[in-house]
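Chemist: okay, predicted coordinates and the sequence, questions at the end:
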Amino acid sequence: MTSSDITRLIAALERTEAVLIGAGSGLSAAAGLTYSGARFERLFGDFIAHYGLTDMYTAGFYPFPTATERWAYWSRHVLANRYDQPDLTVYQQLLDLVSEREYFVITTNVDHAFETTGFRPDRIFATQGDYGRFQCSVPCRQETWANEEAVRAMVAAQVNCRIPTSLIPVCPWCGQEAMMHLRIDGRFVQDNEWYAAARRYEEFVGRYGNGRILLLELGIGGNTPSIIKYPFWQLTASNPNAIFATLDLHPAVPEAIAERTIAIGGDIATTIDTLTQASQ
């Protein structure tokens, strides 16, 4: 990170008509929602000892022998990353930077951190789901439902990495076991709100995509580049008035748009804090 990069990005923020934010797991990790290391060990010491789990990401795919064990893990995972979140200063500072501009967020994160910190719900498209929702595991219909009460009950009642059988969540329509509303396989439910958010995203791009727009990529890795990274590059390449900015530990800069790219490497939280201080 250099002072010239910060100056360029602040100038881009000041002159832009709209900011399109694309956010991945690197942003939430910078905010403290880390899935490995000390936080994981503190929250899941018993699961680590019992199953040999190494981090929260791979634990999400662990073949727990029973539903009572699987939901004991998932309820604690959701409580930690959706309902009992740490201080999300990075998100709050980001909101301060864009709140007086037209903005929209497209994110692969499922932790709800944007809404938690005050970003407008009608300006967020969470493409991969929401920790705060359940769906039918069949699924019998394209519907989701809120899960906070069920999650807290499961966490409170679990013993020896298990919950009571009576607390296993089930679909309110067909009675089959529920599952997390996460895009992990072909059963992912795209409900009415998902489609409404997708339309709002498309409308935002249609309204501002050919003007002075800043495409701000935050913590996007290489797992699903077709959702945010590649579309942002393509939009920048097709619009000479667009600026592409990427904040990541190791940002990627495509040659075709290098002259209109601001790439800032290093810790995202430090970069956003520096931007906040410099813009005041």
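Modeler: That came through fine.

Chemist: now name the helix or strand holding Phe134.
Modeler: Assigned by DSSP states H and E, Phe134 falls within strand 129-136.

Chemist: so Tyr62 makes contact with Ala72?
Modeler: No: the pair Tyr62 and Ala72 fails to qualify as a contact (C-beta atoms under 8 Å) at a distance of 11.8 Å. Bear in mind the C-beta positions are built from the backbone N, C-alpha and C, glycine included.

Chemist: buried residues, stretch 113-124. List them.
Modeler: Across stretch 113-124, burial judged by 16 or more other C-beta atoms under 10 Å covers Ala113, Phe114, Glu115, Thr117, Phe119, Arg123, Ile124.

Chemist: and the residues you listed, which of them are in strands?
Modeler: The strands, defined by DSSP state E, take in Ile124 from these.

Chemist: farthest pair within the buried residues of stretch 113-124?
Modeler: Spatial extent of those (C-beta to C-beta) is set by the pair Ala113 and Arg123 at 14.1 Å.

Chemist: quick check: next helix or strand after the longest helix anywhere in the chain?
Modeler: For the chain, the helix with the greatest residue count under DSSP state H is helix 192-208. Downstream of helix 192-208, the first helix or strand assigned by DSSP H and E is strand 213-218.

Chemist: packing partners of that next one?
Modeler: Helices and strands touching strand 213-218, by 3 or more C-beta pairs under 8 Å, 6 or more residues apart in numbering; DSSP states H and E, are strand 18-23, helix 229-238, strand 243-248.

Chemist: will you turn these into CSV that also has distance to Arg141, mean pLDDT and mean neighbour count?
Modeler: Putting those into CSV (distance: least, C-beta to C-beta, whole Å; pLDDT from 0 to 100; neighbours: other C-beta atoms under 10 Å) gives the following:
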stretch, distance to Arg141, mean pLDDT, mean neighbour count
strand 18-23, 29, 98, 24
helix 229-238, 30, 97, 17
strand 243-248, 38, 97, 24
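
Chemist: may I see those organised as JSON lines, with distance to Arg101 added?
Modeler: JSON lines is the format used below for the helices and strands packed on strand 213-218 (distance: least, C-beta to C-beta, whole Å):
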{"stretch": "strand 18-23", "distance to Arg101": "5"}
{"stretch": "helix 229-238", "distance to Arg101": "17"}
{"stretch": "strand 243-248", "distance to Arg101": "13"}
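
Chemist: which residues touch the closest residue to Val98 other than its chain neighbours?
Modeler: Nearest in space to Val98, with sequence neighbours left out and distances taken as C-beta to C-beta, 6 or more residues apart in numbering, is Val19 at 4.9 Å. Counting by C-beta atoms under 8 Å, 6 or more residues apart in numbering, Val19 touches Leu13, Val98, Arg101, Glu102, Tyr103, Phe104, Ile213, Leu214, Leu216.

Chemist: hmm, 6 Å instead?
Modeler: Neighbouring residues of Val19 by C-beta atoms under 6 Å, 6 or more residues apart in numbering: Val98, Arg101, Tyr103, Leu214, Leu216.

Chemist: which of those are buried? Put it as a PyMOL command.
Modeler: A single PyMOL command is used to select the members of these judged buried by 16+ other C-beta under 10 Å:
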select buried, resi 98+103+214+216
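
Chemist: let's have the contacts of Val19 in TSV, adding distance to Asn109.
Modeler: Formatted as TSV, those follow (distance: C-beta to C-beta, whole Å):
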residue	distance to Asn109
Val98	17
Arg101	21
Tyr103	16
Leu214	20
Leu216	15
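
Chemist: which one of the contacts of Val19 is nearest to Asp248?
Modeler: Relative to Asp248, the closest of the contacts of Val19 is Leu216; by C-beta to C-beta it sits at 11.4 Å.

Chemist: partner residues bridging the closest one?
Modeler: Beta-bridge partners for Leu216, by DSSP bridges, are Ile21, Ala245.

Chemist: how much space separates it from Asp185?
Modeler: Distance, Leu216 to Asp185, by C-beta to C-beta, to the nearest Å: 31 Å.
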